[in-house]
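>>> Return atomic coordinates for the entry below.
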Amino acid sequence: MNKIKQYHPKLHFAVKRYSFLQYLIMLVITAYLLVNMTSLSAEHQLIAVVTVVIMSIQNGFILFRAKLALAMEGPRLLVFPLLWIASGMGMAATLYSASSIVSLFVLANAVRHRNHRRPFNLSNEPENIA
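Numbering: from 1, shown residues only. Coordinates of the predicted model:
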């Protein structure tokens with residue numbers, strides 16, 4: 001047992017912020033579903049439940065650093081709000097669409113932060129010694 005190391009990957013602050021935002025959105029959708037369970041149609045309940053389940057799976061992929069996560073996250077942020085709007089969920093669809101747009105900007109910032117590389121330190125190169 002002493003040879004086992006714990007797995008704690010270091011995540012950038014931008015990724016943590018995005019993950020927290022997704023958990024917050026899932027919490028709001030779940031609360032909306034529970035509060036309005038009796039007034040929502042079966043179609044709207046199914047859409048909300050599928051949204052929460054897919055968001056949970058996607059957030060797990062993000063925290064696990066799966067390469068599949070980024071490929072699926074962008075389209076999810078575009079498709080699910082359209083599904084909510086097309087089903088006629090009204091104000092809930094508008095709020096979810098707005099939160100998805102905000103999430104898309106936060107995701108773009110996280111990807112930009114992750115792909116940002118420091119410039120090479122050329123002062124130590126042999127050509128620059130002279």
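
>>> Let me know the helix or strand that Ile57 is in.
Following DSSP states H and E, one finds Ile57 within helix 42-63.

>>> err, Val102, not the other one
Assigned by DSSP H and E, Val102 falls within helix 91-115.

>>> what about stretch 107-127, average pLDDT?
What stretch 107-127 shows for mean pLDDT is 58.

>>> Would you mind confirming that Asn59 is in contact with Tyr23?
Yes - when contacts are counted by C-beta atoms under 8 Å, Asn59 is listed as touching Tyr23 (6.6 Å). All C-beta atoms are positioned from the backbone trio N, CA, C, and that covers glycine.

>>> okay, the two: which has more neighbours?
Asn59 (20 against 13; other C-beta atoms under 10 Å).

>>> Name the nearest residue to that one, sequence neighbours excluded.
Spatially, and ignoring its direct neighbours in sequence, Asn59 is nearest to Gln22 (5.0 Å; C-beta to C-beta, 6 or more residues apart in numbering).

>>> Regarding the one you found, which helix or strand does it belong to?
Counting by DSSP H and E, Gln22 is found in helix 13-35.

>>> pLDDT-wise, which helix or strand of the chain ranks last?
Lowest mean confidence among the helices and strands of the chain (mean pLDDT, DSSP states H and E): helix 91-115, at a mean of 82.

>>> So which bits of that helix are buried?
Using 16 or more other C-beta atoms under 10 Å as the test for burial, helix 91-115 gives 92-93, 95-97, 99-100, 103-104, 106-107, 110-111.

>>> Great, nothing more from me.
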